[in-house]
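K.L.:
next come a sequence and a model predicted from it.
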Amino acid sequence: MVPMLYVALFGVDAVTILAQLVRRGWRLYATDAAWQDLLFLGLGVVPLLAVITLHSVLYNGWWQVYFVYPMLLLVALRGLVAAWHWQVGPAATRYWRPALELVVGIAVVGRMVRLHPLENIYFNALVGPTPERSYETGYWCLNYRQGLD
């Protein structure tokens, strides 16, 4: 599953892209960067929307749509850049970037440390309290070694 930080940053950039579209009068590609943002957003969201609207059967959950993950990460990185350049105000700007660095650093490094060595069976908070009822947790049997040790 996608970490909540990545989902939040994805949301920041999705809102930024839509706001830019509205500002430009719904012109889809005013610049190459805007076209690239829209392309990454479309390649990440359209397959997921197709699965949802067509009620497609996904065997083993996320694995069949794993190809959208890089696009979602690229959009999330653009969201991080948008958050980095966000103008909070003259007094708060001094603290905004260090606070953003601290939150992102703690979230990413803390997640890596907390989940090691079983990062492959991570579920975010949107799944609910008992993800093992709905999702396969040991599909590749990577957790067997820890059990044998």
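P.N.:
The structure has been received and is ready for your questions.
K.L.:
please pull out the lowest mean pLDDT helix or strand from the protein.
P.N.:
Sorted by mean pLDDT, DSSP states H and E, the helices and strands of the chain end with helix 144-148, the least confident at a mean of 63.
K.L.:
show me where this protein has its helices.
P.N.:
4-23, 32-53, 69-84, 90-115, 144-148 (DSSP state H).
K.L.:
dump those helices into JSON lines; add distance to Trp63 and mean neighbour count as well.
P.N.:
For glycine as for every other residue, the C-beta is placed from the backbone atoms N, C-alpha and C. Listed next are the helices of the chain as JSON lines, based on distance: least, Cβ to Cβ, whole Å; neighbours: other Cβ atoms under 10 Å:
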{"stretch": "helix 4-23", "distance to Trp63": "18", "mean neighbour count": "16"}
{"stretch": "helix 32-53", "distance to Trp63": "12", "mean neighbour count": "14"}
{"stretch": "helix 69-84", "distance to Trp63": "11", "mean neighbour count": "18"}
{"stretch": "helix 90-115", "distance to Trp63": "19", "mean neighbour count": "11"}
{"stretch": "helix 144-148", "distance to Trp63": "19", "mean neighbour count": "8"}
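K.L.:
lowest-confidence stretch among the ones you listed?
P.N.:
Lowest mean pLDDT within the helices of the chain: helix 144-148, at a mean of 63.
K.L.:
on that earlier part again, reformat the helices of the chain as a markdown table; add distance to Pro129.
P.N.:
What follows is the helices of the chain, written out as a markdown table (distance: least, Cβ to Cβ, whole Å):
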| stretch | distance to Pro129 |
| --- | --- |
| helix 4-23 | 15 |
| helix 32-53 | 23 |
| helix 69-84 | 24 |
| helix 90-115 | 17 |
| helix 144-148 | 23 |
